[in-house]
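A.B. asks: predicted model and sequence below, questions to follow.
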Amino acid sequence: MHIWILRTDASSSNEAVHLQQRLRSLSTELVTLRNRLHVQGGQPATVKGGGGPVPPLAPVSTAPQPAVPPRSAHNVPAPIGSVTQQQRPQAPSSGSSSNLEDLIHLHGPLTEDAVMKCLQARFQASNFYTNVGPILLCVNPYKEVGNPLTLSSTRGIALSPQLNKVVQEAVRQQSETGYPQAIILSGTSGSGKSHVSMLLLRQLFAVAGGGPETDAFKHLAAAFTVLRSLGSAKTMTNSESSRIYGDTRQDTIEDSNRFQAWKNCLGILGIPFLDVVRVLAAVLLLGNVQFMDGKGLEVDVKGEAELNAVAGLLGVSGGALFRGLTSRTHNARGQLVKSVCDANMSNMTRDCLAKALYCRTVATIVRRANSLKRLGSTLGTLSSDSNESVHNQAEVTSQHASTIGGSTNAGSKSMAALNNAIRHATDGFIGILDMFGFEEPKPSQLEHLCINLCAETMQHFYNTHIFKSSIESCRDEGINCEVEVDYVDNVPCIDLVSSLRTGLLSMLDVECSIRGTAESYVSKIKVQHKNNSRLFDPKPIDPRLFCIQHFAGKVVYDATDFLDTNKDVIQDDLVAVFYKHSCNFGFATHLFGSELKALYSVETVPRGVSFRISPTSHTDLLNGDEPVSTLTQDFHTRLDNLLRTLVHARPHFVRCICSNSQEAANRFERGIVVRQIRSLQVLETVNLMAGGYPHRMRFKAFNMRYRCLAPFAKLNRTEEKVTDDCNLILQYVMDSIGKQQSLVSTSYAMGKRHIFLSEGIRQQLEKLRSETRQKAATLIQCCWRGWHCRYRMSAIRREKTVNQPPVSRTAIGGTRPRPQPIAGTPPPDPNEKCDAKIIQQTCNLFGLDLERPPPVPPSRSYTVTGNTKLGYPQTRVMKMTYPEDTTTGDDGPVLLKGDTVLVVGASHRRGHLIVEHKHCTLHVPFQFLELKQSVNI
Ligand SMILES: Nc1ncnc2c1ncn2[C@@H]1O[C@H](COP(=O)(O)OP(=O)(O)OP(=O)(O)O)[C@@H](O)[C@H]1O
């Protein structure tokens, strides 16, 4: 089951819808113009339906541009249970659109032209990021062309506040709700997805704590550095696109610094540099080996030295490699027959070997990087190039799931278990999804069809999440939305390519299984889909070419290599060459580990079986001799697993846009941008965000979040009266924003289970909430700081009184300095702790309670001299004059040396006795007194 098979009857193409919208826009603009000129008598045209006279169409690049209706339709009654705060003022476009951070606040009628003007003005003012409500648009200024786009290489690039907001929002939602979050980047090839994803990832690390100093960051940075160099290829619109396949650049001299960094990063990942370099050198040298039909039975080889060098690098003998490339074993009804390949077949086998070595090396590195990533971090990237982790994870979980299923509904149970397993595996996950961008090279191959299917799927995910769910939930809960959003549903195109029986990919699998040809495949798909307007013949007609109308444009596909690419097989004659007994390069044997294990589990080798070029799991190989899947099936499975992960996550969309087709810095080409604005349905999104109800919240969740905006005492705070509370909160919010002149609709509506919010009111709610919380926080801080200061003050005063020496003259005189600690005594080690057991035993021994400190013993009512206890009062004689310094002018009593005094008890001051003398009471240090033996009582 594919997640995107959600059919609707929308079959109109992009052009048709845009034409329709353009007509509506023109009529709307006419209405606006008439209103502005105060034309009397004319009824304003309805925004829906596009009736009235149709003005001639303008060319694409000139105004007026396609448009959608303005957000506040004057003649549409407000829906029941909804409140529309303001009509959208039709203010003329101001020159400050470069400062307009959110397109929902655009002035005047909402047209494609207005959106373009705003984006262009912002681009020229170096504001490359613009919001459409919570969705972020990034226009690529191509200022960093040549940047290898790794975590380390983007360190110097400043992060924009808008990108920061996306990360903060994802982190906030993740911490508040516990739901996994997915930041999804989409756009055509070269639109800047990888660039933005690197910046986002860096920021995510900064927010998560530790930043570049963490091990997880270092490992991920190393993985990106290694994989970017292996996974970059030149496409039509991006000279360094993130791809594993394609025209890997062999003619560029690697910058030595980049190479050194790459080498170091391999070391960080724990991958032996020499192993990888040997394989890569072998792949490059294989390109210089050419097989040609010779006179004899065997083919001739051009570049024999290179072939031997390849064999040396891969640790096998030249002869064994030659035989592996040029001979093939067939199984003819149980009989093994060996044949010699012709030059064409040998060259194809050579290419298969190069592909297999390259893919498997990259897969090994990805696996290694992922295992390290899992160890160190909860952050992750859902990258198009690292699908393997998702794939592997799903593999594990599906094995687990399959054991759970019963006999009758095993399928659905195991599916539920799989979904559950994925949900739990991704709990608390913040992912950044940088998928392949849409591509239209001429002619396009099977890989491009897969890439474009992926782009279509992501577009569908966006459509479903933003438009479809919003429209359907309004309908379900009886909400009548003022704004009708016409979006282009691309399900028909996804069906055309990937539907289960008649999709182009399924039909390709069938054609591969019956050993058909490119021509037969193309003719069959044309017959099957003859009524499908999305599949048509290119001009001039060619039996191997077909054209598909994708959401982002028409693409001509050349099916010549479709079947071979889809089979994606390598023969066992060649795989057997790398068996450990004949190959002394362990890494090469490791690359074909699962296949060699399956092959040598039976005595007869080779025996005419084939394996997948792409790395295959061991379990897949246990099912039989033939490969269980094809390249497109694999691709489907991975995409499916990725979608399973995504549907459980809360998405945050970042839509990337190319500013020109030559990768020129700071050049804004209207034609190029307009095309992407249309395919990404930016105008429709602005329309929905500005005038529709793109957000919905459960009543309880709404109350929980925004109850601070209404007086606490007036809220009912009960389940039964939850809607009353919602209304009360909104009433207060409306009152507080009522005075402000807002351009954007601040309407809301109460549904059956949810409250529906426009983007305008959501922004206001959030703003007021953060202001209220800010005020509350300030108030709490004020109270606490005030209390703390007062408390500290009284404590300081108390301390001062207590610490005051009984007679200050002693201290001032300085004759009795406080004894200094013995020099060299080390301070007590705070970490040095007694064994808890010993403490417990000691306490038990002395009958002490560990929880409470032992009570302070009361002051003794006697003193001890020798073996004799002497009770108070005692008569003592002054040994010295007290206080010692009598020159300070203090009028207090003075006890002279030799005076007889009466000691009445122990003072609360340590080491002092209470002395009564001539009706005065003094606290005198006991050293000043001596016992008068004769008068003891
Ligand atoms: N915001 C930006 N500022 C400066 N340069 C940028 C920005 N975004 C992208 N670029 C540059 O534009 C080029 C293309 O960007 P990038 O490779 O990220 O595109 P992409 O959408 O990932 O393409 P693909 O889908 O083909 O991988 C790169 O050289 C990148 O450095």
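C.D. replies: Noted; the coordinates are in hand.
A.B. asks: the ligand contacts on the protein?
C.D. replies: 128, 140-145, 147, 149, 187, 189-195, 235, 238, 240-242, 436-437, 656 (C-beta under 6 Å from any ligand atom). (Each C-beta comes from the backbone N, C-alpha and C, glycine too.)
A.B. asks: longest helix anywhere in this structure?
C.D. replies: helix 759-803 (DSSP state H).
A.B. asks: what's the domain layout of this protein?
C.D. replies: In terms of domains, the chain is parsed into 13-56, 271-376+569-629, 446-565+634-646, 862-931 (source: automatic domain parsing).
A.B. asks: quick one: these as a markdown table, columns for mean pLDDT and mean neighbour count too.
C.D. replies: Formatted as a markdown table, those follow (pLDDT from 0 to 100; neighbours: other C-beta atoms under 10 Å):
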| stretch | mean pLDDT | mean neighbour count |
| --- | --- | --- |
| domain 13-56 | 39 | 16 |
| domain 271-376+569-629 | 86 | 17 |
| domain 446-565+634-646 | 90 | 19 |
| domain 862-931 | 83 | 15 |
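A.B. asks: I'd like these laid out as TSV, including distance to residue 175.
C.D. replies: Formatted as TSV, these follow (distance: least, C-beta to C-beta, whole Å):
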stretch	distance to residue 175
domain 13-56	40
domain 271-376+569-629	20
domain 446-565+634-646	20
domain 862-931	53
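A.B. asks: how about the ones you listed, which one is nearest residue 755?
C.D. replies: Proximity to residue 755 (C-beta to C-beta) singles out domain 446-565+634-646 among the domains of the chain, at 9.8 Å.
A.B. asks: please name the nearest non-neighbouring residue to whichever residue of the stretch 451-600 of the chain sits closest to the ligand.
C.D. replies: The stretch 451-600 of the chain approaches the ligand most closely through residue 451 (8.6 Å), counting by C-beta to the nearest ligand atom. Counting by C-beta to C-beta, 6 or more residues apart in numbering, residue 451 lies nearest to residue 436, which is 4.3 Å off, once chain neighbours are set aside.
A.B. asks: residues near residue 737, how many?
C.D. replies: Using other C-beta atoms under 10 Å, residue 737 is surrounded by 18 other residues.
A.B. asks: for it, give me phi and psi.
C.D. replies: phi -100, psi 0 (degrees, to the nearest 10).
A.B. asks: do you know how far it is from residue 322?
C.D. replies: 80 Å (C-beta to C-beta, to the nearest Å).
A.B. asks: then residue 360?
C.D. replies: Distance of residue 360 to residue 322, given as C-beta to C-beta: 21 Å.
A.B. asks: same question for residue 764.
C.D. replies: Residue 764 is 75 Å from residue 322, by C-beta to C-beta.
A.B. asks: same check on residue 553?
C.D. replies: 46 Å.
A.B. asks: again with residue 567
C.D. replies: Taking C-beta to C-beta, one finds residue 567 at 24 Å from residue 322.
A.B. asks: ok, now residue 918?
C.D. replies: 123 Å.
A.B. asks: dump the C-alpha coordinates for stretch 286-306 into CSV.
C.D. replies: Presented in CSV, the C-alpha positions along stretch 286-306 are these (Å, rounded to 0.1, in the frame of the first residue of the first chain):
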residue,chain,number,x,y,z
LEU,A,286,37.7,0.7,-15.4
GLY,A,287,36.6,3.6,-17.5
ASN,A,288,39.7,3.2,-19.6
VAL,A,289,39.1,-0.5,-20.3
GLN,A,290,37.3,-1.2,-23.5
PHE,A,291,36.2,-4.5,-24.9
MET,A,292,36.1,-5.0,-28.7
ASP,A,293,35.0,-8.0,-30.8
GLY,A,294,38.1,-9.8,-32.0
LYS,A,295,38.8,-12.4,-34.6
GLY,A,296,38.7,-15.4,-32.3
LEU,A,297,36.2,-16.5,-29.8
GLU,A,298,37.3,-14.3,-27.0
VAL,A,299,36.9,-10.5,-27.1
ASP,A,300,39.9,-8.2,-27.4
VAL,A,301,40.7,-5.7,-24.7
LYS,A,302,41.9,-2.2,-25.3
GLY,A,303,43.7,-1.0,-22.2
GLU,A,304,45.1,-4.3,-21.0
ALA,A,305,47.5,-2.5,-18.6
GLU,A,306,44.6,-0.7,-17.0
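A.B. asks: what does stretch 161-173 rub up against?
C.D. replies: 101, 129-131, 134, 136, 179, 181, 183, 196, 199-200, 203-204, 207-208, 430, 650, 652, 654 (C-beta atoms under 8 Å, 6 or more residues apart in numbering).
A.B. asks: now a ChimeraX select for only the buried ones of these.
C.D. replies: This is the ChimeraX syntax for the buried subset of those, where burial follows 16 or more other C-beta atoms under 10 Å:
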select :129,130,131,134,136,179,181,183,196,199,200,203,204,207,208,430,650,652,654
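A.B. asks: out of the contacts of stretch 161-173, list just those in strands.
C.D. replies: Using DSSP state E, 129, 130, 131, 136, 181, 183, 430, 650, 652, 654 are the members of these that sit in strands.
A.B. asks: from those residues, which two are the most distant?
C.D. replies: 130 and 430 (23.3 Å).
A.B. asks: just the helices in the stretch 601-750 of the chain please.
C.D. replies: With DSSP state H, counting those that start in this stretch as the criterion, the stretch 601-750 of the chain has helices at 618-621, 631-647, 670-679, 682-691, 699-706, 722-737.
A.B. asks: could I get the ones you listed in TSV, plus columns for distance to residue 779?
C.D. replies: Below are those laid out as TSV (distance: least, C-beta to C-beta, whole Å):
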stretch	distance to residue 779
helix 618-621	62
helix 631-647	42
helix 670-679	46
helix 682-691	34
helix 699-706	19
helix 722-737	18
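A.B. asks: out of the ones you listed, flag the one nearest residue 846.
C.D. replies: Comparison of the helices of the stretch 601-750 of the chain against residue 846 by C-beta to C-beta identifies helix 699-706 as nearest, at 53.6 Å.
A.B. asks: buried stuff in that closest one?
C.D. replies: Per 16+ other C-beta under 10 Å, helix 699-706 contains these buried residues: 699, 702, 703, 706.
A.B. asks: closest to the ligand among the residues you listed?
C.D. replies: residue 706 (35.0 Å).
A.B. asks: for the closest one, what are its contacts?
C.D. replies: With C-beta under 8 Å, 6+ apart, residue 706 has these contacts: 729, 733, 765, 769.
A.B. asks: from the residues you listed, which has minimum pLDDT?
C.D. replies: When the contacts of residue 706 are sorted by pLDDT, the bottom entry is residue 733 at 86.
A.B. asks: what is the helix or strand where residue 310 lies packed up against?
C.D. replies: Under the criterion of DSSP states H and E, residue 310 resides in helix 304-313. Applying 3 or more C-beta pairs under 8 Å, 6 or more residues apart in numbering; DSSP states H and E, we find helix 304-313 packed against helix 273-286, helix 318-326.
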